[in-house]
Every structure is written in structure tokens, then in C-alpha cells.
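> only geometry, no sequence info:
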Ligand SMILES: Nc1ncnc2c1ncn2[C@@H]1O[C@H](COP(=O)(O)OP(=O)(O)O)[C@@H](O)[C@H]1O
Ligand SMILES: O=P(O)(O)O[C@H]1O[C@H](CO)[C@@H](O[C@H]2O[C@H](CO)[C@@H](O)[C@H](O)[C@H]2O)[C@H](O)[C@H]1O
């Protein structure tokens, strides 16, 4: 019987694809911040594409099976090294040992932390062309300088980003899905439209195996930027006033929606749009409650919120939106807000993330983020969040679009839906944080 780890493009088993590697990965993957459903046992790992960037550096796509999840549901991107001698500074990145094809003892490690490997990767992207299953592209050709020193970004991330010489940032999508990633698509279209609040993609790469999908994007690095979450947290902890920043954020969000509406098609919702949306929100709620028991007592209250949405008049138009807007996705640099990470909510399928939606979803995302900042570290600071909320909505309304406070039923339902998403997100990725969205769910379910 052939090994399940045979590579798709190889007729011979590759040294990196062995049952030992699968065993190493099934222990290592669930310990990674970006790995989804860490609580579910890994029942199978197989290499579906491998590209040798150097004799000891491998770009891999691995399929992971987990208890209770549909087969073929997750494909992860990895950069692994396999050497006979690992320098002490990389010991913390060691996955374990395996026997090489010549019987040698190989040390397998996470090569994203090895500058030699990530320099090689950026160099491949810069030069363009095809290598194994990988296709590299850049525009304009000269946009990615050579010879920059890499460092892995130390951020709470769903993916992994590497900053090169404070000039460019390469984001590697950890969980890969078929199709173009909106984090390449949207900034690309906005850049062509002349919109400057979003860093433009200057290079990217795709895979053709086991499906066609985006693997990574290079953008200019915004030097000296501070993300909105850090700024908001400082302000909330000091009981400071964040309303100036929040108002500008509201304006920036409105301007982003205008730019997106000018760059992509805009649709009027169908007559039954709210009913259908309320059904989808209820479905998501029931799914989340089946996974997170603490949500169950709030189901009746939240259902009421969604019933009100179903019967509400007047829908907003539908358009491409950010999809996962929160304080961690906005960066303050050069005295203005920049917006990053158009990937959407990472757990959702790409088709859903690329669908046209109501801009209110983004507004609800940012309002929820003020609430997160206000409820972090035990002490609740609801007045701080209320001030931010008002300022943000005023700023949004000042762009001439609409004031979100004038459509309370829609806003309430979208905030509730977003809080349910967050409960599930925290249960999957950061169980210690789950009380933050759970408290919001309780509040939103009570005040319908
Ligand atoms: N162009 C950029 N310049 C400077 N920092 C950036 C840039 N893009 C992203 N970042 C930083 O990287 C962090 C993570 O990026 P993001 O795209 O949100 O990744 P993820 O989807 O993995 O969370 C951001 O919060 C921000 O601090
Ligand atoms: O990784 P992404 O930035 O794409 O987004 C995911 O992770 C976020 C956390 O890193 C998560 O955001 C939640 O926590 C934030 C504080 O860390 C808070 O500001 C957000 O409001 C809250 O939703 C996000 O939901 C998730 O998609």
C-alpha cells in the first residue's frame, strides 16, 4: 500500500513526506495560534503539495483531518526546514526528528523563523515565475527590494506575517482555501481606483495544488504605525478620551465603503432580504450554541432580536465590505487611519466572505471592538465604549452616507450576530477571552 504522504506531483516518496512527519505535525499544529479548532483531535495529516525552495527548505500544503469536522475541510500552509544540525537560536522552532531518505537523522523546524529560509521565499516572490505548484507574481516588478532582513511579526494573528527591513510585509495565509483571497483582491482593486488608505499589494503567490488558491501577499510596510487596538486599550485603561480617534475611524470607514461601492458592483436587496438575513443569523446562532453551551440560555433573547430584523422596513444596499472590521485592522500612521486585512472572518468559506453584504456589518464589527477594549482586564468601562460608539457613528454619518444610530434594529441585530461569531471565534482560538463576547451577548439578548 502506498504511503498517504506521497506527494501529488512526485512519483517517488519525497524525503519530507513520511509518516513520521505526519506524527510530528499532528502534535505541533494544535499548539499554533493560527490553527483552528485546537480543541478537536487531529486524526490525519497528509502533504498535498510540496515545493523544495532549497535542498533543506520545503514549502508545504498539508491537509488536516480533525474529529467532528468534515473531511477535506482544512488545508494549511507551512514552511519547514529539515537539517542535520539546528543552530541554537532555532531550537525553539523544532517540531522533532525524523529519518531522512538516506537514513540520516533530520531535525524538522518551522523555517518561517529562519531568516535564511524567508529571505529565499521573498527572493522567489520577487523574481516571479513558477516553481513546482507555486506561481509568483509582482507588480510593478521593482516594488520588492532585495537584501532586506526579515523578522516575524509579533502580533495576535490568524496568519503569519514577516516584515522585511521595515520596507515590506509578507502575509502568509495559514489556512488556504480555493480561489482568490479577498485580502489580495480588494486592496488590488482599491489601489487601481486610486484609494490610498489601504496598502497596495506589490507581489503575491498562488498554488495550483491541491486547488488554485492565494498563499501570500506582499505590501509596503507602514513604518511607525500603531494599531487601533493598542491605542484604544491604552485609552480605555487610562479612562481617557478616544472619541477624536473614534470619529475619524467612523469617517475612514465611511470613505472605505464609498471607495468599495465605486470599485465593485452595488446591489439593491431583494424584498425578502431581511427575512433571509434573520434566518441566516438564527442558523449561525443555533450552530454556535450547539458548540458553546454557555450561549444556550441567550438563544431565546437573540431570536427575538433576529425576528425584529426580519420584520424591519428599509434595507441598505449590498456591496463588497471589509468583512472583519475591528480595532486590530486599522493602523494609525502619518496622522491618519489605514485599513488592512480584507480577508474577512477566517472561519467562513471564501465564497461567503466575497459576497456582497450590508455595510452595517463592518460598522457593527467596529462597535463590538470598542466594547472589547472596554471590557478587557476585568474592569468594565461602558461609558468609554458609549462615547466611542457615538463618535464613530457621527464620523460615519459625516461622510454623507447615513447615521448608523438611525437604524437601531438593523444595528442591534448585526451586533448580536457579530458577538455570536466572536463567541465561537474565542471558543476556537482563545478560550480565556470568551467572557468578553459572552457578556455582550447577554446584554444584547436582554435589550431587544
Ligand atoms: N502594511 C502594514 N504595515 C504595517 N503593519 C501591518 C501592515 N499590515 C499588517 N500589519 C500589522 O500586522 C498585523 C496583522 O495583520 P493582519 O493582516 O490583520 O493579519 P491576520 O489576518 O493574520 O490577523 C496588523 O494588526 C498590523 O499590526
Ligand atoms: O485575525 P483577524 O484579525 O482576521 O480576526 C480574528 O481575530 C481577532 C482577534 O485577533 C478577532 O477580534 C476580536 O478580538 C479583538 C481583540 O483582540 C477585538 O478588537 C475584536 O473586536 C474582536 O472581534 C476577530 O473577530 C477574528 O475574526
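That came through, no problem. The structure displayed is predicted, hence computed values, not measured ones. Ligands and ions are numbered 1, 2, ... in the order given.

> which stretches of this structure have low pLDDT?
1-17, 142, 378, 448 (pLDDT under 70).

> per-domain residue ranges of it.
Recorded structural domains for the chain (assignment: automatic domain parsing) are 19-111, 117-220, 226-446.

> can you give me the end-to-end span of the last one?
Criterion C-alpha to C-alpha, to the nearest Å; first-to-last residue distance in domain 226-446 is 36 Å.

> and ligand 1, is that domain touching that?
Yes - counting by C-beta under 6 Å from any ligand atom, ligand 1 is contacted by domain 226-446 at 227, 328-329, 331, 340-341, 343. (C-beta placed from N, C-alpha, C; glycine too.)

> rewinding a little: in a markdown table, list the domains of the chain along with mean neighbour count.
Listed next are the domains of the chain as a markdown table, based on neighbours: other C-beta atoms under 10 Å:
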| stretch | mean neighbour count |
| --- | --- |
| domain 19-111 | 17 |
| domain 117-220 | 18 |
| domain 226-446 | 19 |
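
> which stretches of the protein form helices?
For the chain, the helices defined by DSSP state H cover 19-28, 115-127, 182-193, 228-237, 243-263, 273-291, 299-310, 350-353, 360-375, 382-397, 408-429, 435-446.

> isn't residue 94 up against residue 106?
No - using C-beta atoms under 8 Å, residue 94 is not in contact with residue 106; the gap is 11.1 Å.

> what sits against the closest residue to residue 233 other than its chain neighbours?
Ranked by C-beta to C-beta, 6 or more residues apart in numbering and with sequence neighbours excluded, the top spatial neighbour of residue 233 is residue 373, at 5.4 Å. Shown in contact with residue 373 (C-beta atoms under 8 Å, 6 or more residues apart in numbering): 229, 232-233, 235-236, 327, 384-385.

> let me know the angle separating the longest strand seen in the chain from helix 115-127.
If each strand of the chain is counted by residues according to DSSP state E, the longest one is strand 42-54. When axes from the mean of the first three to the mean of the last three C-alpha atoms, to 10 degrees is applied, the directions of strand 42-54 and helix 115-127 differ by 70 degrees.

> and the contacts of stretch 27-36?
38, 42, 45, 64, 74, 76, 95-96, 156-160, 174-175, 346-347, 428-429.

> inside strands: which ones of those residues?
Among these, the residues falling in strands (DSSP E) are 42, 45, 64, 74, 76, 95-96, 160.

> ok, now which ones touch the residue in the stretch 301-448 of the chain positioned nearest to ligand 1?
Closest to ligand 1 within the stretch 301-448 of the chain is residue 341: 3.4 Å, counting by C-beta to the nearest ligand atom. Applying C-beta under 8 Å, 6+ apart, we find residue 341 in contact with 183, 324, 328-329.

> tell me the two of the residues you listed that are most distant?
Within the contacts of residue 341, two members stand farthest from each other by C-beta to C-beta: 183 and 328, at 14.0 Å.

> quick revisit: got TSV for the domains of the chain, with distance to ligand 2 too?
Formatted as TSV, these follow (distance: least, C-beta to the nearest ligand atom, whole Å):
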stretch	distance to ligand 2
domain 19-111	8
domain 117-220	3
domain 226-446	3
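
> gap between residue 74 and residue 45?
10 Å (C-beta to C-beta, to the nearest Å).

> which residues do the two both contact?
Both residue 74 and residue 45 are contacted by 63-64, under the criterion C-beta under 8 Å, 6+ apart.

> straight-line length of stretch 141-154, end to end?
28 Å.

> pull the residues that contact it.
112-113, 115, 118-119, 122-123, 125-126, 128, 138, 160-165, 167-169, 202-203, 218.

> quick one: residue 226 and residue 334 touch, right?
No - at 11.6 Å, residue 226 does not count as touching residue 334 under the criterion of C-beta under 8 Å.

> beta-bridge partners for the residue nearest to residue 252 when sequence neighbours are not counted, please?
In space, and not counting its chain neighbours, residue 252 is closest to residue 337: 4.2 Å by C-beta to C-beta, 6+ apart. Under DSSP bridges, the beta-bridge partners of residue 337 are residue 332.

> show me what contacts residue 337?
Residues in contact with residue 337 (C-beta under 8 Å, 6+ apart) are 197, 228, 248-249, 252, 330-331.

> 7 Å instead, please
The neighbours of residue 337, taking C-beta atoms under 7 Å, 6 or more residues apart in numbering as the test, are 197, 248-249, 252, 330.

> do the same with residue 121
So residue 121 contacts 53, 79 (C-beta under 7 Å, 6+ apart).

> please repeat the previous calculation with a cut-off of 8 Å.
Taking C-beta under 8 Å, 6+ apart, we find residue 121 in contact with 53, 59, 79, 170.

> measure the first one to residue 244 for me?
When distance is defined by C-beta to C-beta, residue 53 is 47 Å away from residue 244.

> cool, and residue 229?
Distance from residue 229 to residue 244, by C-beta to C-beta: 17 Å.

> quick one: residue 20 and residue 101 touch, right?
No - Residue 20 is not in contact with residue 101 according to C-beta under 8 Å; the separation is 11.9 Å.

> for residue 195, which non-adjacent residue is spatially closest?
Per C-beta to C-beta, 6+ apart, closest to residue 195 is residue 259, 4.3 Å.

> quick revisit: of all the helices of the chain, which one comes closest to residue 316?
helix 360-375 (6.0 Å).

> quick one: that closest one to helix 382-397, angle?
150 degrees.

> please state the offset of helix 360-375 from the chain centre?
16 Å (C-alpha atoms, centre = their mean, to the nearest Å).

> so who does residue 324 touch?
Applying C-beta under 8 Å, 6+ apart to residue 324 gives the contacts 341, 343-346, 365.

> I'd like those as JSON lines, with distance to residue 283 appended.
Shown next, in JSON lines, are these (distance: C-beta to C-beta, whole Å):
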{"residue": "341", "distance to residue 283": "26"}
{"residue": "343", "distance to residue 283": "23"}
{"residue": "344", "distance to residue 283": "18"}
{"residue": "345", "distance to residue 283": "15"}
{"residue": "346", "distance to residue 283": "19"}
{"residue": "365", "distance to residue 283": "19"}
